[in-house]
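Asker: could you work out the structure for the sequence below:
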Amino acid sequence: MFRYYPDLLADPVPRYTSYPTAAQFTDAVGAQALTERLVTLPQDAGISLYLHIPYCHDICWYCGCNTGAATRPRRLATYVDALEQEIAMVASRLGGRRRVTHIAFGGGSPNSLPLVDWVRLNHQLLLCFDTSAAALSVEIDPRRLDRAWIDAMGQIGVSRVNLGVQTFAPHVQKAIGRVQPVDMVEAAVAGLRRVQIDVGFDLMYGLPGQSEADLAETLETSIRLAPSRIALFGYAHMPHLLHRQRRIAQADLPDMAMRFAMATQGHKMLTAAGYRAIGFDHFALPGDPLAQAATSGTLRRNFQGFTEDDSDVLIGLGASAISQFPDLIVQNEKNAGAYRELIAQARLTATRGVRRSTDDQERGRLIERLLCDGSAPSEGIGQTRDLTRFVAMGIARVNDGMIEIRPEAEPYARSVAACFDAYLRPAEGRFSHAV
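Answerer: Reported below is the predicted structural model:
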C-alpha cells in the first residue's frame, strides 16, 4: 500500500487543474484576449461549456467554493438574466450555433435556482448552441432536490448528477453545517435512477470530529448505494481566506498522519469494492465513462478535476467561471454583482488570466499525462526541482526519456509533476497538498 512521507505531504504543490495555475493569472489578460479566441476559433472545434451558479440555500462551513446565500429571489433572477445574456453574447462571437460536446452546471448549487430558471438556461443553450450530442451533468444539493427537479432533469436529458454528500456521520454533518440524513440521499439516488440519470458522490475526509470509523461507515454506505463514480477529497482548512470556516476549530481536525490514513483507507475500500482509482482521489466503476477514459488513455484534467471530456476548448459562463483554450486561460469576474454590471454593458466579463506559451503548453501536457496516466515523455523539458530525489525514494523512475510514477506512489504524483513547473517557488508556500 502507500508509504507515508510526511515531508512530501507538507511540501506545497498545486492541484494542477490547469497549467499555468491560477497563481499566474494577471489582470493584464482578460476580455479582449477571450474575444480574440472566440472569433478565431475554427468552426469544427468541439466546445465544452461550464455554467457557474454561485448560490446555495444553506452555506456549509467547510466549503471553499465561490458561493453566497440564495436568500433574495430578485438577486437570483437578475443573475439568471445576466447568464442568459452571456450565453447569447458568447455564441454571437463564436459566429453561430457551435457544436457542444459537454455541458456542466456547477456551483454553489444549481438547484438553488427556481426550477423554471434552470429550465430557461437550458433552453437558451439549446437556442444558441448545437447541444444535440452534448453530455449534460449537474451538481446537486440533495437537501433541495424534489421530484419536480428530478423529472425535469430526466426530460431535458441530464446524463449525470453529482450529489454533495461529504459524510454520512451525523455528528460530523453537524460540525460542518450540512445535515442530510442517509434516507434523504437514498431517496435522491432512487429518484435519479428512476429517470436513468447516473449518480456520482462527492465525499470528504479530514473533517472536524471525523474518525477513521466515521469515514469507513460513510464509505460502506456509499458502496451500498453504488454511485458510478466517487470523488474523495481532503478538507482544506483556510479560515484566513474563507470566513465561513472560522466556525470550524483547528483543534477538531485530524492531523496529517490521520488524514493520510483516511485517504489510504478510502482507496483500499473503494478499489476492493470494484471501483477503479483515477488519480488518488477519484474512483469510478468499470462501466463509467471516467474509468473507460482512464483505460483508453484519453483521461483529461481541467478545472472540474479528472474528466472524460477530451475537448481542448472549455468556455466558462457565469461569475468566476474559467475558460480554457490551448494558448489561453481566463477567468470571469468573481463578484456576482460586478459580473451582472458588465453583462448589462454588453461586455464579456473575463477580468484575469494568462497566455500560455509554447513552453507552458508542453509542460502542461506533461503534467496532465503524469497525473492522468502516471507516465509521460519528458525529453526536452527542463526540470525545476530535484527529480532524482523521487527516483532515489522509489516514487518515480526514468527510462528512455519516459518518466513514470510508481503505482504505490500515487499520493505523491503532484509532487513529481511539480518538478516540471517553471513557475513554482517552493519557499513561497502558496499551495496545499490534497492529503
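Asker: tell me the SS of residue 60?
Answerer: Three-state assignment for residue 60 (DSSP: H, G, I helix; E, B strand; the rest coil): coil.
Asker: and the residue nearest to it when sequence neighbours are not counted, how far from residue 184?
Answerer: Counting by C-beta to C-beta, 6 or more residues apart in numbering, residue 178 is the residue found nearest to residue 60 once chain neighbours are left out, at 4.4 Å. Every residue, glycine included, has its C-beta placed from N, CA and C. Taking C-beta to C-beta, to the nearest Å as the measure, residue 178 falls 11 Å from residue 184.
Asker: more neighbours, those two?
Answerer: Neighbour totals were compared for residue 178 and residue 184, and residue 178 leads with 22 against 15 (other C-beta atoms under 10 Å).
Asker: tell me the pLDDT at that one?
Answerer: For residue 178, the model assigns a pLDDT of 95.
Asker: which residues touch it?
Answerer: 58, 60-62, 143, 164, 166 (C-beta atoms under 8 Å, 6 or more residues apart in numbering).
Asker: count of neighbours near residue 408?
Answerer: 12.
Asker: my guess is it contacts residue 264. True?
Answerer: No. Assessed by C-beta atoms under 8 Å, residue 408 is found out of contact with residue 264, at 10.8 Å.
Asker: wait, a strand at residue 316?
Answerer: Yes. Assignment of residue 316 by three-state DSSP places it within a strand.
Asker: one step back: could I get the contacts of residue 178 in a markdown table, plus columns for pLDDT, distance to residue 353 and neighbour count?
Answerer: Shown next, in a markdown table, are these (pLDDT from 0 to 100; distance: C-beta to C-beta, whole Å; neighbours: other C-beta atoms under 10 Å):
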| residue | pLDDT | distance to residue 353 | neighbour count |
| --- | --- | --- | --- |
| 58 | 86 | 32 | 15 |
| 60 | 91 | 29 | 20 |
| 61 | 90 | 31 | 17 |
| 62 | 90 | 28 | 23 |
| 143 | 95 | 35 | 18 |
| 164 | 95 | 28 | 21 |
| 166 | 97 | 31 | 24 |
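Asker: nearest to residue 315, of those?
Answerer: Checking these against residue 315 by C-beta to C-beta gives residue 164 as the nearest, at 24.2 Å.
Asker: which strand or helix spans that closest one?
Answerer: strand 160-166 (DSSP states H and E).
Asker: elements contacting that strand?
Answerer: Secondary-structure packing of strand 160-166 (3 or more C-beta pairs under 8 Å, 6 or more residues apart in numbering; DSSP states H and E): strand 135-140, helix 182-194, strand 198-205.
Asker: can you redo the ones you listed as JSON lines with mean pLDDT?
Answerer: Shown next, in JSON lines, are the helices and strands packed on strand 160-166 (pLDDT from 0 to 100):
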{"stretch": "strand 135-140", "mean pLDDT": "98"}
{"stretch": "helix 182-194", "mean pLDDT": "98"}
{"stretch": "strand 198-205", "mean pLDDT": "98"}
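Asker: with adjacent residues omitted, what lies nearest to the residue sitting nearest the centre point of the chain?
Answerer: Note on the chain: the residue nearest the mean C-alpha position is residue 304, at 2.6 Å, using C-alpha atoms, centre = their mean. Nearest residue to residue 304 in three dimensions, chain neighbours excluded: residue 104, at 6.2 Å (C-beta to C-beta, 6+ apart).
Asker: check residue 293 too.
Answerer: Sequence neighbours aside, residue 308 is the residue nearest to residue 293 in space, at 3.9 Å (criterion: C-beta to C-beta, 6+ apart).
Asker: just give me the neighbour total for that neighbour.
Answerer: Counted with other C-beta under 10 Å, residue 308 comes out at 19.
Asker: and the pLDDT for it?
Answerer: With respect to pLDDT, residue 308 has a value of 96.
Asker: just checking, it touches residue 295?
Answerer: No. Contact criterion C-beta under 8 Å: residue 308 and residue 295 do not qualify, at 10.7 Å.
Asker: okay, buried residues for the lengthiest helix in the chain please.
Answerer: Secondary structure of the chain per DSSP state H: the longest helix is helix 73-94. Of all the residues in helix 73-94, those buried under the rule 16 or more other C-beta atoms under 10 Å are 75-76, 78-80, 82-84, 86-87, 89-91, 94.
Asker: quick one: residue 30 from residue 223, how far?
Answerer: Taking C-beta to C-beta, one finds residue 30 at 45 Å from residue 223.
Asker: do residue 413 as well
Answerer: 25 Å.
Asker: between these two, which one's more packed in?
Answerer: residue 413 (23 against 16).
Asker: pLDDT value on the more buried one, please?
Answerer: 95.
Asker: report the contact partners of the closest residue to it other than its chain neighbours.
Answerer: Distances taken as C-beta to C-beta, 6+ apart place residue 405 nearest to residue 413, at 5.2 Å, with adjacent residues excluded. Contact analysis of residue 405 by C-beta under 8 Å, 6+ apart lists 370, 374-375, 395-396, 412-413, 416.
Asker: 6 Å instead, please
Answerer: Residues near residue 405 by C-beta atoms under 6 Å, 6 or more residues apart in numbering: 374, 396, 413, 416.
Asker: show me which of those residues are buried.
Answerer: 374, 396, 413, 416.
Asker: the second one and residue 278, how far apart?
Answerer: So the one you mean is residue 396. Distance from residue 396 to residue 278, by C-beta to C-beta: 19 Å.
Asker: repeat for the last one
Answerer: The gap separating residue 416 from residue 278 is 17 Å, by C-beta to C-beta.
Asker: again, but for the third one
Answerer: For residue 413, the distance to residue 278 (C-beta to C-beta) stands at 12 Å.
Asker: list the buried residues of the helix or strand hosting residue 337.
Answerer: Assessed by DSSP H and E, residue 337 sits inside helix 336-344. Across helix 336-344, burial judged by 16+ other C-beta under 10 Å covers 336, 339-340, 342-343.
Asker: which strands and helices sit next to that helix?
Answerer: helix 73-94 (3 or more C-beta pairs under 6 Å, 6 or more residues apart in numbering; DSSP states H and E).
Asker: who touches the helix it packs on?
Answerer: So helix 73-94 is contacted by 38-39, 70, 113, 117, 124, 128, 317-318, 336, 340, 343 (C-beta under 6 Å, 6+ apart).
Asker: can you list the residues you listed in CSV and add distance to residue 174 and pLDDT?
Answerer: Formatted as CSV, those follow (distance: C-beta to C-beta, whole Å; pLDDT from 0 to 100):
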residue, distance to residue 174, pLDDT
38, 46, 97
39, 51, 97
70, 22, 84
113, 27, 96
117, 31, 97
124, 39, 98
128, 43, 97
317, 35, 98
318, 31, 98
336, 29, 95
340, 35, 97
343, 39, 98
